[in-house]
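S.K.: Please find the sequence and the predicted model below.
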Amino acid sequence: MSQEVPQGSQNEEVDLGHLFNMIGRLFDRVYNFFKSIFKSVLSALVYVLKAIVDNYIIIFGSMIIAAAVGYGLEKTRKDVYLSKMLVKPYFDSKFQLVANIDYYNALIGEKDNKQLMSIFDIDEESAKQIIEFEIHPGPENENDQIKQYDEFLRSIDSLRAQEVSFESFIENRSIYSGDVFEISVKSHKKDIFRSLEEGLNSTFSNAYSAKKMKKRDSILKIEKNRIIASLKEVDSLKKVYIDIKREESQSDRKSFSTQDGFTYIEQRTETKEYELIEKQIKLQQELSALEAQKVEEDEFFDTLSSFPEVGSKYVDIRERYSIIFPILIFVLLSFLYLSKKLIQYVKSYEV
């Protein structure tokens with residue numbers, strides 16, 4: 001038995017050595033794999049840099065010429081000015097607002113300057129200078145988004161609500177979800193925007209919104225009459241309680257005894273003046289809230305910020321030709337260079 005122990009230990013040492021060799025070969029393969037990737041990337045980078053260095057005169061010369069041409073086109077192009085306003089529609093007039101913005105853009109596309117002149121009360125030359133109308137959801141914070149999400153969940157059934165996450169709602173909501181909207185206008189004329197504001201304000205008025213506003217006023221009137229009637233009842237009860245208290249204060253408390261020897265004292269009438277006062281205060285608060293709602297929403301919209309007198313100069317990145325043209329030239333030269341190398345490789349390839 002003493003001879004079997006060293007033999008087992010020797011077998012274990014052989015297994016461990018074999019395991020370490022396998023681990024070492026695995027690390028070598030991983031190292032060589034990343035090394036080959038690094039060498040390939042480095043070789044490709046050097047190859048690209050070599051092509052640029054060998055042809056730098058053609059490349060940079062062409063890019064400079066393209067930049068000069070692009071800059072010249074930018075200078076000959078008419079300036080574009082941008083202005084924005086924020087509005088808050090009421091009574092679902094936002095639907096009419098979005099529809100009218102699309103209508104104005106259609107008129108611009110068809111060059112129907114007479115309609116634009118009639119809508120915005122401007123001259124023909126000013127109408128020709130309008131480029132585009134745009135409408136987007138106005139600025140909002142996370143609390144506004146959460147309120148919109150809660151309103152959306154209440155508008156659908158509970159099973160469907162479980163499937164719609166907050167992130168999914170924010171990503172897929174429509175433009176009509178918000179309460180504040182940003183209207184932007186682009187024009188070649190920098191001081192036309194205040195003239196357009198009056199015409200835009202008229203877009204909120206429509207039959208549906210007017211009907212909804214009238215319905216709201218009728219409901220408020222009914223609620224107001226109910227609250228006033230309740231306040232009158234409270235006042236009547238208060239007068240009754242006051243009269244009872246006055247009569248009791250003027251009369252003495254009476255007592256009488258029975259044959260059994262028990263003495264009874266007449267109790268004061270229990271009134272609820274405190275509860276009546278609380279009720280009166282609550283009704284007055286409700287009445288104030290109704291009045292405030294009618295004052296705050298007495299129009300179809302509120303203008304949160306108007307168009308400034310003069311718009312700011314607007315440059316679209318897609319129209320920065322002094323940057324786009326050199327990039328296009330570089331891409332074109334790279335394509336031609338690769339095509340040339342490919343053709344040379346195909347011609348020199350032997351099966």
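M.R.: Now that the structure is in, tell me what you want to look at.
S.K.: Tell me which stretches of the stretch 201-350 of the chain form helices.
M.R.: For the stretch 201-350 of the chain, the helices defined by DSSP state H, counting those that start in this stretch cover 207-250, 273-296, 321-348.
S.K.: Quick one, grab the pLDDT at Val5.
M.R.: Per-residue pLDDT puts Val5 at 49.
S.K.: Equivalent analysis for the one 4 residues further on, please.
M.R.: In the prediction, the pLDDT value recorded for Ser9 is 56.
S.K.: what's the answer for Leu304, then?
M.R.: Residue-level pLDDT assigned to Leu304 equals 84.
S.K.: Quick one: the helices of the stretch 201-350 of the chain as TSV, columns for distance to Gly178 too.
M.R.: Yep, even glycine has a C-beta here, placed from its N, CA and C like the rest. Below are the helices of the stretch 201-350 of the chain laid out as TSV (distance: least, CB to CB, whole Å):
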stretch	distance to Gly178
helix 207-250	17
helix 273-296	18
helix 321-348	34
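S.K.: so which of those gets nearest Val310?
M.R.: helix 321-348 (25.6 Å; CB to CB).
S.K.: what comes up buried for the closest one?
M.R.: 321-322, 325-326, 329-330, 333, 337 (16 or more other CB atoms under 10 Å).
S.K.: Can you pull the poorly scored residue ranges out of the stretch 51-200 of the chain?
M.R.: For the stretch 51-200 of the chain, no stretch has pLDDT under 70.
S.K.: could you pull out the helices for it?
M.R.: Going by DSSP H, counting those that start in this stretch, the stretch 51-200 of the chain shows helices at 56-76, 94-109, 113-120, 124-129, 142-154, 158-163, 166-172, 193-201.
S.K.: For Glu140, which of the helices of the stretch 201-350 of the chain is the nearest?
M.R.: Between the helices of the stretch 201-350 of the chain, helix 273-296 lies closest to Glu140; by CB to CB that is 19.3 Å.
S.K.: what's the angle from the closest one to helix 207-250?
M.R.: Helix 273-296 and helix 207-250 are oriented at 160 degrees to each other (axes from the mean of the first three to the mean of the last three CA atoms, to 10 degrees).
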